[in-house]
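Trainee: Quick check, what structure comes out for this input:
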Amino acid sequence: MRITILAFILLISTSTLFSQIKVYEKFDDFEKELLQPTNDDTLYVINFWATWCIPCVKELPYFEQLNQKYKNEKVKIILVSLDFTTEQVINFINKKNIKNEVVLLTDSKTNTWIEKVDSSWSGAIPITLFLKGKQKDFHEKDYHNLEELETDLLKLKTIK
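Mentor: Below you'll find the model as predicted:
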């Protein structure tokens, strides 16, 4: 009886963990939901990263700090993991206590969609997109501090 109850609790907690991130198996679905111009004045900060990418992992705390600093403003941060499994990402975000929204993009046909993100993207990560309305600012680099990230954010934040 105890084993059954324990297994049930484990099953429920595992399904709750897996529901923390949305998985996009096709880039087109991801693009429709997250990369289309919006009519609101929210500034979207979309960072492409992976748990196996050392520069990506090093810059994640700056996105967490940015989220805290702008939590009462119209700024939304979305971390787009390019990892291979949901479990890998869930374990990582729990271990690192990541609070930003995380989604998983598993479309392996990268050569068909990299250019759709930005025509200048080489395919290397990390990259960060700043989107506000029809405005887009693309950065293929890793951030070394909060100030550097915030400088790029403010370029679009001030546009009305």
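Trainee: can we go C-alpha only for contacts and neighbour counts from here?
Mentor: Noted.
Trainee: Wait, E140 touches S119, no?
Mentor: No. E140 lies out of contact with S119 (CA atoms under 8 Å); the separation is 11.5 Å.
Trainee: Around E25, how many other residues sit close by?
Mentor: 13 (other CA atoms under 10 Å).
Trainee: Report whether E33 is found in a helix, as I expect.
Mentor: Yes. According to DSSP: H, G, I helix; E, B strand; the rest coil, E33 belongs to a helix.
Trainee: which regions of the protein lie under the pLDDT threshold?
Mentor: Residues of the chain that meet the criterion pLDDT under 70 lie in 1-19, 158-160.
Trainee: Go ahead and confirm P126 touches W49.
Mentor: Yes. Counting by CA under 8 Å, P126 does reach W49; the two are 5.1 Å apart.
Trainee: Have a look at these two and say which one is more surrounded.
Mentor: The neighbour count for P126 versus W49, taken as other CA under 10 Å, is higher for W49 (25 against 21).
Trainee: quick one: contacts for that one?
Mentor: Contact partners of W49, counting by CA atoms under 8 Å, 6 or more residues apart in numbering, are C56, V57, L79, V80, S81, L82, I125, P126, I127.
Trainee: partners of the third one in the sheet?
Mentor: Spelled out, that is L79. Beta-bridge pairing of L79 under DSSP bridges involves N47, V102.
Trainee: neighbours of it, just the number please.
Mentor: 20.
Trainee: in terms of contact, does it touch L105 like I think?
Mentor: No. Look at L79 against L105 with CA under 8 Å: they stay out of range, at 10.2 Å.
Trainee: Great, nothing more from me.
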